[in-house]
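Novice: Predicted coordinates and the sequence they were generated for:
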Amino acid sequence: MSELSSSSASSASPSASVKAKHARLKPRVAAAVAVIAAAALAFCAYAVAFPASVPAPVGAVVENLTGANPHPVVLQRPPVAPLSAMAQLGKQLFFDPALSASGKQSCASCHSPAHAYGPPNGLDVQQGGLALAQQGYRPPPSLMYLYRQPNFSIGPDAGENDDAPTLAQQATAAAGVVKSQKTAGGASTSVEMVPQGGLFWDGRADTLQQQAYGPLLNPVEMANTSVEQVAAKLQHASYAKRFTELFGSRIFDDHKLLVSEAMFAISRYQVEDPSFHPYNSKYDRWLEGHARLTQAELRGLRLFNDPGKANCAGCHLSKPGKDGLPPMFTDYQYEALGVPRNRGLAQNRDPRFFDLGVCGPFRADMKDQTQYCGMFLTPTLRNAATRTVFFHNGIYHDLDHVMAFYNERNTDPGKFYPRDARGKIEKYDDIPLQYQKNVDVTDAPFDRKFGDRPAMSDDEIRDIVAFLKTLNDAPLSSN
Ligand code: HEC
Ligand code: HEC
């Protein structure tokens, strides 16, 4: 019994001691598990909060799950300072309707501060002229971020040195070079020899100062007939004293100089006022690690950047520069996309009239460079989602139509272009036949062929549009 009891005791005792050990271990294991779990949780929380500080694969997981940016950057914004006296004068000019022949139209009428300095309404083009009854030629672009617009040039790094070739020489030299393909994220395959930079849809002005003469003297815009007429208006403006304060008492004697200084003042306003370049969109904040994209926006961004899919970033650059310059969503280059003719425009009632962008007729210096006929400046997509009119002829009024055009121009052209008398689709109907070879058919999503499956699905288009909306700046009042 004792034997038994001892044996049972001895047999019982190890099991008892194991049990006892287990009993002692359990809380320790539990504690250890709890500590590990807590640490893991803390790491996850840390990774979610600071995705940039964890190993890249973890950061990528966090990006997928939460839409946070695992690689935030510091964006270089222009310094914010009170407006100079020059810019303050420019602001008064910008909002002064008395400068137009009608007395009713200021710069802000077509470049509305409440609409990202773009058109305030959904008209294809704005009305202007003496009685505000004349139709413009093109929709007003946004005036935002133009301080970064480079001058017009052709090919690489022209225009920087003193003996830069003339535009005609550049164009002739470039004529033989095969157009290189543009893929999102990839280096281009050969030296780019294309027009780039400049202001207006065709790049015909270089500086904001030079540009401002355009609308003041344009018969379908502010419709002044001469620099003298503008000078007389300045002389009688409520702020005329400002001119003498800034430029001396004799400024009103020299009309050309007076108007030139006024134009310079307007350009200073656009350069200095932070409302023209706030860089405070959700995407900017995401780039800096201060905002999270929704799943749809994140998918949209990836499609936007995907060279095989939407390839938007091939031309509308989406990544910050090495120097931390925020991305401008344009490569400042020109392309012929072949957007359909807008038959609602007065100028297009003449079937022989074609707005061909770089090669004219609104700019005259490139009219012989027919390889550029049909090309227009790639606009920034910042604040594009606030616009109600798109492309150089205002043919579309919402992003769904723009996206459908990108997606199906080639695969189903009948959706966009009219048919001739024999039922044949008149593809690229806003470009004469002999220049249609300039139209981009090599860059995705334009590389698809008739009947192919389009590059994007409906869901993907929705995601890209969701992403485009992250490029809208938060409203900033202009002070
Ligand atoms: C009647 C409408 C209208 C008025 C008024 C007007 N603009 Fe414009 N603006 C336009 C249109 C249209 C364009 C594009 C023209 C083109 O591409 O040929 C444009 C283009 C511009 C551009 C070039 C933008 C770019 O992205 O290349 C600037 C800068 C500009 N306007 C500034 C001004 C200033 C400054 C004033 C006042 C002095 C003014 N505009 C008055 C309609 C207007
Ligand atoms: C090959 C270069 C290129 C690619 C790729 C490209 N774009 Fe564009 N984009 C342009 C050019 C050039 C224009 C102006 C064309 C015109 O008005 O004739 C433009 C105009 C636009 C506009 C109208 C903006 C305005 O102010 O009127 C939007 C929106 C736009 N693109 C979005 C996109 C999206 C989204 C993608 C990807 C699906 C894309 N683009 C791909 C060159 C490109």
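Specialist: Received the coordinates, thanks. All figures in this text were calculated on a predicted structure; none of them were measured in a lab. Ligands and ions are numbered 1, 2, ... in the order given.

Novice: Please name the nearest non-neighbouring residue to whichever residue of the stretch 51-200 of the chain sits closest to ligand 2.
Specialist: Nearest to ligand 2, among the residues of the stretch 51-200 of the chain, is Lys182, at 5.2 Å (CB to the nearest ligand atom). All C-beta spots, glycine's among them, are computed from the backbone N, C-alpha and C. Nearest non-adjacent residue to Lys182, counting by CB to CB, 6 or more residues apart in numbering: Gly314, 3.9 Å away.

Novice: ok now do that neighbour, which residues does it touch?
Specialist: The neighbours of Gly314, taking CB atoms under 8 Å, 6 or more residues apart in numbering as the test, are Lys182, Thr183, Ala184, Pro307, Asp443, Ala444.

Novice: if we go to 10 Å?
Specialist: By CB atoms under 10 Å, 6 or more residues apart in numbering, the contact list for Gly314 reads 181-186, 188, 304-307, 331, 335, 378, 443-445.

Novice: Only whichever of the residues you listed are buried, select them in ChimeraX.
Specialist: ChimeraX command restricting the contacts of Gly314 to the buried ones, with burial defined by 16 or more other CB atoms under 10 Å:
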select :181,182,183,184,304,305,306,307,331,335,378,443,444,445
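
Novice: Let's see which of the contacts of Gly314 end up in strands.
Specialist: Members of these lying in strands (criterion: DSSP state E): Glu335.

Novice: Next one, pLDDT for the residue nearest to Lys182 please.
Specialist: Gly314 carries a pLDDT score of 95 in this model.

Novice: neighbours around Arg242, how many?
Specialist: Residues lying near Arg242 (other CB atoms under 10 Å) number 18.

Novice: what do you get for Ser260?
Specialist: Ser260: 16 surrounding residues under other CB under 10 Å.

Novice: any idea of the pLDDT on whichever residue of the stretch 251-400 of the chain sits closest to ligand 1?
Specialist: Closest to ligand 1 within the stretch 251-400 of the chain is Ile266: 4.8 Å, counting by CB to the nearest ligand atom. We have a pLDDT of 96 for Ile266.

Novice: Could you do the one 3 residues further on as well?
Specialist: Predicted confidence (pLDDT) for Tyr269: 97.

Novice: list the helices and strands the host helix or strand of it packs on?
Specialist: According to DSSP states H and E, Tyr269 maps onto helix 255-272. Using 3 or more CB pairs under 10 Å, 6 or more residues apart in numbering; DSSP states H and E as the contact criterion, the elements in contact with helix 255-272 are helix 85-94, helix 107-110, helix 208-217, helix 227-235, helix 240-247.

Novice: Just name the most buried of the ones you listed.
Specialist: Mean neighbours per residue, mean count of other CB atoms under 10 Å, is largest over those for helix 107-110, with a mean of 23.

Novice: Which other helices and strands does that helix contact?
Specialist: helix 85-94, strand 127-128, helix 208-217, helix 255-272.

Novice: can you give me the strands in the stretch 251-400 of the chain?
Specialist: For the stretch 251-400 of the chain, the strands defined by DSSP state E, counting those that start in this stretch occupy 334-335, 376-377.

Novice: Would you mind listing what in the chain touches ligand 2?
Specialist: 182, 310-312, 314-316, 335, 337, 339, 376, 378-379, 381, 384, 387, 390-392, 402, 406, 440, 443, 445, 464 (CB under 6 Å from any ligand atom).

Novice: Check the spacing between the closest residue to Val61 other than its chain neighbours and ligand 1 real quick.
Specialist: Spatially, and ignoring its direct neighbours in sequence, Val61 is nearest to Ala47 (7.9 Å; CB to CB, 6+ apart). The gap separating Ala47 from ligand 1 is 42 Å, by CB to the nearest ligand atom, to the nearest Å.

Novice: that older thread, how many residues are close by the residue of the stretch 251-400 of the chain closest to ligand 1?
Specialist: What Ile266 shows, counting by other CB under 10 Å, is a neighbour count of 24.

Novice: residues in contact with it?
Specialist: For Ile266, counting by CB under 10 Å, 6+ apart, the contacting residues are 86-87, 89-94, 99, 107, 208-209, 211-212, 216.
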